[in-house]
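*Asks:* Take a look and give me a structure for this.
(one chain, ligands or ions: 1)
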Amino acid sequence: MNVLLVYAHPEPRSLNGALKDFTVSRLEAAGHSVQVSDLYAMNWKASLDARDSTGAPLGDRFDPSLDSKHAFENGLQSEDIALEQKKLLWADALILQFPLWWFSMPAILKGWVERVYAYGFAYGVGEHSDARWGDRYGEGTLAGKRAMLIVTTGGWESHYGARGINGPIDDLLFPIHHGILYYPGFDVLPPFVIYRTGKMDEMRYAATCETLGQRLDNLWTAPPIPFRPQNAGAYEIPALTLRADIASGNTGFALHHIQSCESQSP
Ligand code: FAD
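*Replies:* Numbers count the residues shown, from 1 in each chain. Alright, predicted model coming up:
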């Protein structure tokens with residue numbers, strides 16, 4: 001299988017750097033092909049702007065969506081964007097690896113998403129009409145591929161628990177899991193999170209690699225997070241609200257997970 005690892009840490013001798021090297025070795029030892037987009041080493045341009053197209057803006061002002069669409073459809077995207085899209089199409093699985101910075105991904109990785117996920121590639125795919133909101137949330141260009149986050153945090157696991165002060169980790173990662181990965185079609189695996197990195201030592205590092213290695217071995221077989229597909233009947237059209245008879249009384253991000261007790265529902 002082919003794996004694309006998109007990695008965002010500025011220091012190769014960091015914990016993240018060591019875990020990235022471990023991940024590549026483990027996957028390659030199992031016979032997989034791995035490409036790494038090491039964003040800092042690539043000096044990745046993080047900001048989306050008019051320079052992302054080799055052509056002139058379509059209108060009299062730069063339009064981030066429409067100019068992205070025009071560049072994508074007409075082969076006018078800057079080379080770095082087109083290359084990353086090619087890697088995504090090549091990959092059977094995508095891993096995004098990063099330290100949690102201000103409760104999200106580092107800006108350079110967010111910039112990778114914003115620029116590589118062009119209109120027509122990652123969004124604006126499929127029929128958009130009064131009856132259908134395109135191929136997204138479970139469908140789309142990247143459907144059939146798997147994705148997983150490897151994330152390190154300074155905070156403790158309890159800080160990210162159900163009643164932890166930072167908010168539950170599943171909620172904090174929901175915009176990445178659901179909005180960035182499930183939206184263009186990925187099946188999203190539960191994240192591999194390493195908490196309290198300030199307390200890392202050789203022994204804990206070895207145990208962490210052991211557990212991470214198992215997760216990587218199971219990349220193709222582990223059940224994904226059971227997000228609800230947009231186009232399978234669970235959401236009212238065109239409001240795209242969850243049908244009143246499903247998970248009634250519940251609120252929040254978990255609404256968009258199929259519960260085990262309703263496994264026969266869409
Ligand atoms: P490093 O600092 O490189 O290493 C961490 C520890 O691991 C060190 O003790 C190091 O000696 C040890 N180590 C490194 N390599 C090895 C190895 N090979 N073997 C054994 N031990 C090793 N945290 C949060 O929880 N929430 C936030 O919102 C948040 N926001 C942040 C925002 C910014 C701008 C910054 C800079 C930090 C933030 N942090 C936050 C903390 C951040 O998430 C952690 O600092 C980061 O995850 C640690 O990863 P690292 O790769 O930089 O670790």
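*Asks:* The residue positioned nearest the centre of the chain and V188, how far apart?
*Replies:* Central residue of the chain (C-alpha atoms, centre = their mean): L181, 3.8 Å from the mean position. L181 sits 5 Å away from V188 when distances are taken as C-beta to C-beta, to the nearest Å. For glycine as for every other residue, the C-beta is placed from the backbone atoms N, C-alpha and C.
*Asks:* Please apply the same query to N74.
*Replies:* 31 Å.
*Asks:* now do F227
*Replies:* Distance from F227 to V188, counting by C-beta to C-beta: 7 Å.
*Asks:* Common neighbours of these two, please.
*Replies:* Shared contacts of F227 and V188, defined by C-beta atoms under 8 Å, 6 or more residues apart in numbering, comprise 177-178, 182.
*Asks:* interface residues of the stretch 51-200 of the chain facing the ligand?
*Replies:* Proximity of the stretch 51-200 of the chain to the ligand (C-beta under 6 Å from any ligand atom) is limited to residues 99-103, 152-155, 197-198, 200.
*Asks:* can you tell me which of the residues you listed are in strands?
*Replies:* Of these, the ones assigned to strands by DSSP state E are 99, 152.
*Asks:* Go through the helix or strand hosting L89 and flag the buried ones.
*Replies:* Element membership for L89 (DSSP states H and E) is helix 79-90. Buried residues in helix 79-90, counting neighbours by 16 or more other C-beta atoms under 10 Å, are found at 80-82, 84-85, 87-88.
*Asks:* And stretch 2-12, by the same measure?
*Replies:* Buried positions in stretch 2-12, judged by neighbour count with 16+ other C-beta under 10 Å: 2-9.
*Asks:* For that stretch, C-alpha coordinates in PDB please.
*Replies:* Extracted C-alpha coordinates of stretch 2-12, given in PDB (Å, rounded to 0.1, in the frame of the first residue of the first chain):
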ATOM      1  CA  ASN A   2       1.000   3.600  -0.500                       C
ATOM      2  CA  VAL A   3       1.200   6.000   2.500                       C
ATOM      3  CA  LEU A   4       1.600   9.700   2.400                       C
ATOM      4  CA  LEU A   5       2.900  11.200   5.700                       C
ATOM      5  CA  VAL A   6       2.400  15.000   5.900                       C
ATOM      6  CA  TYR A   7       4.600  16.100   8.700                       C
ATOM      7  CA  ALA A   8       4.800  19.500  10.400                       C
ATOM      8  CA  HIS A   9       7.600  20.100  12.900                       C
ATOM      9  CA  PRO A  10      10.400  22.600  12.500                       C
ATOM     10  CA  GLU A  11      13.100  20.500  14.300                       C
ATOM     11  CA  PRO A  12      14.300  17.100  13.000                       C
END
